[in-house]
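J.: coords below, sequence missing:
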């Protein structure tokens, strides 16, 4: 067996702000290390403080530039910023993540900023606990804001964004994004909409269309009304407004109890995912694995239906 | 409670070739009906005969036309053909599935052809047993060939195609598909590659590139060497060759034992997915649901790490 890492030492270093220790911990999450149990236990007392801001949008809306400008805005406020760029379609994606592109640019020399890309293959074919665990690392390491970024706007990305406290949806004029967004179920998850490249033709129209679509939905009394912020990220225009809307949403979420609800749901999903994986491992143990193979042979040979096979499998587990 | 359907009657009608009974059974699969257990038990004795042919390819390669031409080719051989078009990204997809487009065209009046689209949301966030169950319906209904079609070439589609006996990967000249295919992990799952639109410039080059990429992989003695078939589906050119390669692959798979291995794996995945869903339901029962909520609150409040929460949850289950 490979000698394990010294978890207490690693966590202490991460809390002192050593980027290598943070990187190492996230790699252990990514690799589904057997020490994750110990690591999560060590991180837990220090977690729960970071504001997790999810950012999504189609390619071409200026997501990379916007994220970079947003980091700069948070830095002006003296906040330490962690960025986690998650690609839920890895390991098959060959494209560079935003995180990689940003890292090279404006914030490389700033030790108040930590940027990390992470592949996130679904465990159990979809449910994944790697995102909440990586967030716990950054949270416990003392970052005030953690920007959670996804590569696109598909179903997998929506699931990844489910763990954010505040979700930004980026659009740009003239890309037919309004309709795209509606299709992808993005409207439902956006807490703040950003129309970037607002100096281009059509920005007002995109904003109007978006406002119209948002207003179509029912909103109960006291619920959050998603604002639309116009930005020109390349010139940092509108970023102060965006940062203050992000703060406003966080305050609202804390006051209204929405934050508690969201974070409890996040924890429930994480617990369920881990529990199911552990149950699945039990099937894989000696005896059961043979039984599963035997049952699978009977089902594929049309000798037994799958539900009867499940009954027999669970009775033996 | 809603009055259930008469399963025996429905299965008998499906076996007599009534398309409405087949449609009803697949709808019950799609809706995750409580009667699925009974339905699968009734279908099992009649299943295991159909040849399941998976078809995938990027938009624009002529998948719709190719599938339609392939159906015609199978019909010439006197085979009854079922088509199951699965969209793993539903319910968010707004686009029409191939199945819908084909249905309108060439085979609408042919009662030897049954075409059906199906949304396939992952149960448990990804693992889904709806595809193998819908295939069992078509198989037991006596279709000789079932064409399993997916909307694209992403990770979800690759999972859907995992249940096919023979997988066709469609490409077209000049679309950079070779590289796309490699990225998406498609090369590994293709049993037969089809370069459609072979009357266009670049068909030979695409074929060569593909051959080169296939040859890069290691192939053990006696393994299947994936052929590359050039077609012009709009003119039905190359379809006889394609159909004979499909037959050849099926024969090889039967002789070599590869078919047994693949179908047993398919059954194992189905059993596991059902078993996990049943275990998950147990969490949702009174007492456990409360416990899960309580544990999630403790984890989100940084009072307990998720692994300890899982221990407590499983101990109580």
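T.: Here it is on my side, so go on. None of these values were measured; they are calculated from a predicted model. Numbering: from 1, shown residues only, chains lettered A, B, ... in the order given.

J.: buried stuff in the helix or strand where residue A:11 lies?
T.: Per DSSP states H and E: residue A:11 is located in helix A:7-15. Buried positions in helix A:7-15, judged by neighbour count with 16 or more other CB atoms under 10 Å in any protein chain shown: A:7, A:10-11, A:13-15. (Glycine included, C-beta is placed from N, CA and C.)

J.: any idea of the mean pLDDT for whichever helix or strand comes after that helix?
T.: Going down the chain from helix A:7-15, the next helix or strand is helix A:19-30, by DSSP H and E. When pLDDT is averaged along helix A:19-30, the result is 91.

J.: any part of helix A:19-30 near chain B?
T.: No: using CB under 8 Å from any CB of the partner chain, helix A:19-30 stays clear of chain B, with a minimum separation of 11.9 Å.

J.: wait, residue A:54 touches residue A:161, no?
T.: Yes: at 4.2 Å, residue A:54 counts as touching residue A:161 under the criterion of CB atoms under 8 Å.

J.: which residues do those two both contact?
T.: A:148, A:150, A:167 (CB atoms under 8 Å, 6 or more residues apart in numbering or on different chains).

J.: can you state the direction angle for the helix holding residue A:11 and helix A:19-30?
T.: On the basis of axes from the mean of the first three to the mean of the last three CA atoms, to 10 degrees, helix A:7-15 is oriented at 120 degrees to helix A:19-30.

J.: contacting residues for residue A:148?
T.: Counted by CB under 8 Å, 6+ apart, residue A:148 has contacts A:52-55, A:84, A:86, A:131, A:135, A:160-161, A:163-164.

J.: what about it, distance to residue A:55?
T.: Residue A:148 is 7 Å from residue A:55, where distance means CB to CB, to the nearest Å.

J.: what's the answer for residue A:169, then?
T.: Residue A:169 sits at a distance of 8 Å from residue A:55 (criterion: CB to CB).

J.: next: residue A:77.
T.: Counting by CB to CB, the gap from residue A:77 to residue A:55 is 17 Å.

J.: give me the neighbour count for the closest residue in space to residue A:63 that isn't next to it in sequence.
T.: Among residues not flanking residue A:63 along the chain, residue A:57 sits closest, at 4.8 Å (CB to CB, 6 or more residues apart in numbering or on different chains). By other CB atoms under 10 Å in any protein chain shown, 29 other residues sit near residue A:57.

J.: state the distance from residue A:57 to residue A:214.
T.: The gap separating residue A:57 from residue A:214 is 16 Å, by CB to CB.

J.: which residues in chain A form helices?
T.: A:7-15, A:19-30, A:36-43, A:63-76, A:98-104, A:130-140, A:155-161, A:177-184, A:186-189, A:203-216, A:239-256, A:258-283, A:288-300, A:306-316 (DSSP state H).

J.: need the winner for burial among these.
T.: Between the helices of chain A, helix A:130-140 has the highest mean count of neighbours, a mean of 26, where neighbours are mean count of other CB atoms under 10 Å in any protein chain shown.

J.: does the helix holding residue A:11 come close to chain B?
T.: No: on the criterion CB under 8 Å from any CB, helix A:7-15 is out of touch with chain B, staying 12.0 Å away.

J.: residues making contact with that helix?
T.: A:20-22, A:24-25, A:35, A:38-39, A:42-43, A:46, A:137, A:140-142.
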